[in-house]
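Novice: quick check, what structure comes out for this input:
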Amino acid sequence: MEIPGKTLAAAKKSIIYIILSIWAFTTIFPFVWLIINSLKPSREILSSSFTLPAAPNFDNYINAFNKQNILVAYANSLIISGVTMIMVLLFASLVAYGLTRFEFKGKKIVISLIIGSLMFPAFATIIPVFRMVVQMHLVNKHFGVIIPQVASNLSFAVIVLMGFMRDLPIEVEESAFIDGAGVSKIFFSMILPLSRPALASVAIFVFLWSYNDLFTQMIVLRNRNMFPVCALLNEISSRYGTDFGLMAASVVLVVIPILIVYIFMQKNIIKGLTSGAIKG
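Specialist: Prediction:
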């Protein structure tokens with residue numbers, strides 16, 4: 001018996017929806033579980049962590065702000081991630097434009113090195129990086145975290161921007177050059193505006209990677225007042241590890257900014273990355 005085409009298509013679509021629903025549930029449930037338990041005292045969490053709170057309260061959030069000074073940690077995260085993002089966008093866009101529009105000896109080698117650098121894990125370079133940070137007197141300073149983060153994110157940013165810039169219409173640049181526009185004017189007034197989708201994707205990814213980079217933060221920063229939110233969360237887990245309500249509230253406060261960025265910027269992320277991939 002032959003199955004009608006419409007029935008088969010509907011069955012395939014249903015299977016896809018079921019798989020996506022299961023995946024979404026496994027992704028969303030841990031965060032919902034954290035929110036529910038952040039509204040409970042620790043004793044209730046230990047006895048019934050998978051039930052709704054008997055008497056929901058925000059004491060854990062109040063303690064997180066009063067005891068841990070999370071607002072300062074948010075400010076530190078914003079400074080570190082914001083400066084890292086801006087520096088990566090500036091340097092990567094310049095490099096990507098140079099590699100896509102100019103020919104020079106050793107260009108293929110440079111591109112190969114940029115791609116190859118993505119294969120090195122952060123742990124492989126941490127000793128020389130830390131020695132450089134110490135010699136530059138940047139230990140326990142924001143720039144001691146920012147500079148390694150900029151270096152570690154440049155290769156990814158250059159590759160994404162190269163993929164997008166490679167097929168930007170060169171005729172517009174040529175006509176502007178004939179009219180007397182210099183390279184810098186063409187780059188800042190034409191290339192950057194045209195590359196906004198890819199720049200937005202790179203900016204979001206770099207910001208979030210910097211925001212979540214606990215490894216570099218814990219190595220470079222010593223003063224608690226300099227801690228971003230991820231480093232502060234690590235300290236909370238060490239100091240208040242048995243206070244599960246406070247831990248849950250702290251994790252929620254750390255994750256919320258990331259969720260907000262993804263929710264409002266997901267179209268830019270998809271558009272920038274897919275455009276670069278197709279054009280590349």
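
Novice: all strands of the stretch 151-280 of the chain, in order?
Specialist: Ranges of strands in the stretch 151-280 of the chain, per DSSP state E, counting those that start in this stretch: none exist.

Novice: so where's it uncertain?
Specialist: Low-confidence segments of the stretch 151-280 of the chain, defined by pLDDT under 70: 240-242, 268-280.

Novice: any chance you could map the helices in it?
Specialist: 170-178, 183-186, 192-194, 196-211, 214-220, 229-239, 244-279 (DSSP state H, counting those that start in this stretch).

Novice: okay if I get those as a markdown table plus distance to residue 57 and mean neighbour count?
Specialist: Bear in mind the C-beta positions are built from the backbone N, C-alpha and C, glycine included. As requested, those are exported to a markdown table (distance: least, C-beta to C-beta, whole Å; neighbours: other C-beta atoms under 10 Å):
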| stretch | distance to residue 57 | mean neighbour count |
| --- | --- | --- |
| helix 170-178 | 60 | 12 |
| helix 183-186 | 58 | 13 |
| helix 192-194 | 49 | 13 |
| helix 196-211 | 29 | 22 |
| helix 214-220 | 29 | 19 |
| helix 229-239 | 19 | 18 |
| helix 244-279 | 9 | 17 |
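
Novice: and the ones you listed as a markdown table, adding distance to residue 10?
Specialist: Formatted as a markdown table, the helices of the stretch 151-280 of the chain follow (distance: least, C-beta to C-beta, whole Å):
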| stretch | distance to residue 10 |
| --- | --- |
| helix 170-178 | 47 |
| helix 183-186 | 52 |
| helix 192-194 | 42 |
| helix 196-211 | 35 |
| helix 214-220 | 46 |
| helix 229-239 | 45 |
| helix 244-279 | 27 |
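
Novice: what's the closest of those helices to residue 145?
Specialist: For the helices of the stretch 151-280 of the chain, proximity to residue 145 was assessed by C-beta to C-beta; helix 214-220 is nearest, at 5.1 Å.

Novice: counting contacts, what elements does the closest one pack onto?
Specialist: Judged by 3 or more C-beta pairs under 8 Å, 6 or more residues apart in numbering; DSSP states H and E, helix 214-220 is in contact with helix 122-135, helix 142-165, helix 229-239.

Novice: nearest spatial neighbour of residue 181, chain-adjacent residues omitted?
Specialist: residue 189 (7.7 Å; C-beta to C-beta, 6 or more residues apart in numbering).

Novice: distance check, the one you found against residue 32.
Specialist: 47 Å (C-beta to C-beta, to the nearest Å).

Novice: residues touching the residue most central in space within the chain, list them.
Specialist: Closest residue to the average C-alpha location of the chain: residue 208 at 2.1 Å, with C-alpha atoms, centre = their mean. By C-beta atoms under 8 Å, 6 or more residues apart in numbering, the contact list for residue 208 reads 81, 258, 261.

Novice: no more questions from me, cheers.
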